[in-house]
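1. would you be able to build a 3D model of this:
(one chain, ligands or ions: 2)
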Amino acid sequence: MSETASLPDRAPPLEARDLLKSFVGGDGSELEVLRGVSVRVESGEAVAVIGASGAGKSTLLHILGALDGPSGGEVLVGGRPVAGLEDEELARIRNHHIGFVFQFHHLLREFTALENVMMPALLAGTEMDAARAAARELLDAVGVSGREEHKPRQLSGGEQQRVAVARGFVRQQDQRSTARPPVPAEEGAQPVDGDRDAQSRSGGQGRPRSSPGGGTAPTGH
Ligand SMILES: Nc1ncnc2c1ncn2[C@@H]1O[C@H](COP(=O)(O)OP(=O)(O)OP(=O)(O)O)[C@@H](O)[C@H]1O
Ligand SMILES: [Mg+2]
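-> Numbering: from 1, shown residues only. Ligands and ions are numbered 1, 2, ... in the order given. A predicted model of the protein is given here:
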């Protein structure tokens, strides 16, 4: 039975309740970044998180993506709380149920664009040919199909970001008929229309232009 099949029916792909996050600064003082943030992202919905630099968008997205833990509150992926899970199980949930597009794309330097995009699918056990086909479709969708064999340093900044977008969606592409993992995506990779004055906006028209669709993309700005 697949990981996806074991999740509760009709739970939203991603939900967070009353998130708190504090950091301790260099001078030892406490910095409260998140003060009671709740968000529920439905399948197929695009959600934009917009705010000033330093407001806490990346902090929120890292917590929603189970890359960092909150100081309080909880995150549920497919209805399942991620707090307290062992590292190995967390890594599996991230790979199976979440795609990532980072603010600083974090492509692997020694691998080609195509290999970078294939990587999350290969780690999830997708066969090489299927992973390659999914990666090619996505690179084509983001307009980088002519650069598949280029290493990151041989790509322009924008191309690197688009490869990172393709990588974020590859698990959606290779799970077409089953789960559609949410894709927390950060500034730089995902231009979003909208009202820059709003602190946050939910369920609007902010779908990333390069999204192949069907997924969920909280997007930082
Ligand atoms: N590990 C950390 N330790 C201490 N303070 C941190 C840490 N990470 C982030 N901060 C602080 O938390 C605040 C929120 O940071 P975050 O990276 O979430 O901002 P952001 O909204 O993504 O900003 P940007 O638009 O510039 O990317 C900032 O003031 C930052 O200095
Ligand atoms: Mg940020």
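
2. the helix or strand encompassing Val75 - which strands sit beside it in the sheet, and in what orientation?
-> When elements are defined using DSSP states H and E, Val75 is found to belong to strand 72-77. Using DSSP bridges, strand 72-77 pairs in its sheet with strand 14-24 (antiparallel), strand 80-81 (antiparallel).

3. and the angle for the next helix or strand after the last one with strand 14-24?
-> Proceeding C-terminally, strand 80-81 gives way to helix 87-97 as the next helix or strand, assigned by DSSP H and E. Angle, helix 87-97 to strand 14-24, by axes from the mean of the first three to the mean of the last three Cα atoms, to 10 degrees: 130 degrees.

4. how many other residues sit next to the residue in the chain that ligand 2 sits nearest to?
-> Evaluated by Cβ to the ion, the chain has Ser58 as its residue closest to ligand 2, separated by 3.2 Å. Any C-beta I mention is one placed from the backbone N, CA and C, and that applies to glycine too. For Ser58, the count of nearby residues is 21 (other Cβ atoms under 10 Å).

5. that one against Val101, yeah?
-> No. If you go by Cβ atoms under 8 Å, Ser58 and Val101 don't touch, sitting 11.7 Å apart.

6. can you list contacts of the strand holding Val75?
-> Residues outside strand 72-77 that contact it (Cβ atoms under 8 Å, 6 or more residues apart in numbering): 11-20, 36-38, 63-64, 66, 81-83, 93, 97-98, 182.

7. domain parsing for this protein?
-> Domain assignment for the chain by automatic domain parsing gives 11-99+183-221, 105-180.

8. pull up the residues of the protein that are close to ligand 2.
-> Ser58, Gln103 (Cβ under 5 Å from the ion).

9. isn't His106 up against Ala164?
-> Yes. Assessed by Cβ under 8 Å, His106 is found in contact with Ala164 at 7.1 Å.

10. the two: who's more crowded?
-> Ala164 (27 against 14).

11. what kind of secondary structure is that one in?
-> Secondary structure state of Ala164, per DSSP: H, G, I helix; E, B strand; the rest coil, is helix.

12. ranking helices and strands of this structure by mean pLDDT, which lands last?
-> strand 200-201 (a mean of 32; mean pLDDT, DSSP states H and E).

13. run through the residues that contact Asp18.
-> Here Asp18 is in contact with Gly36, Val37, Ser38, Gly72, Gly73, Glu74 (Cβ under 8 Å, 6+ apart).

14. excluding chain neighbours, what is closest to it?
-> Closest residue to Asp18 apart from its sequence neighbours, by Cβ to Cβ, 6 or more residues apart in numbering: Gly73 at 3.9 Å.
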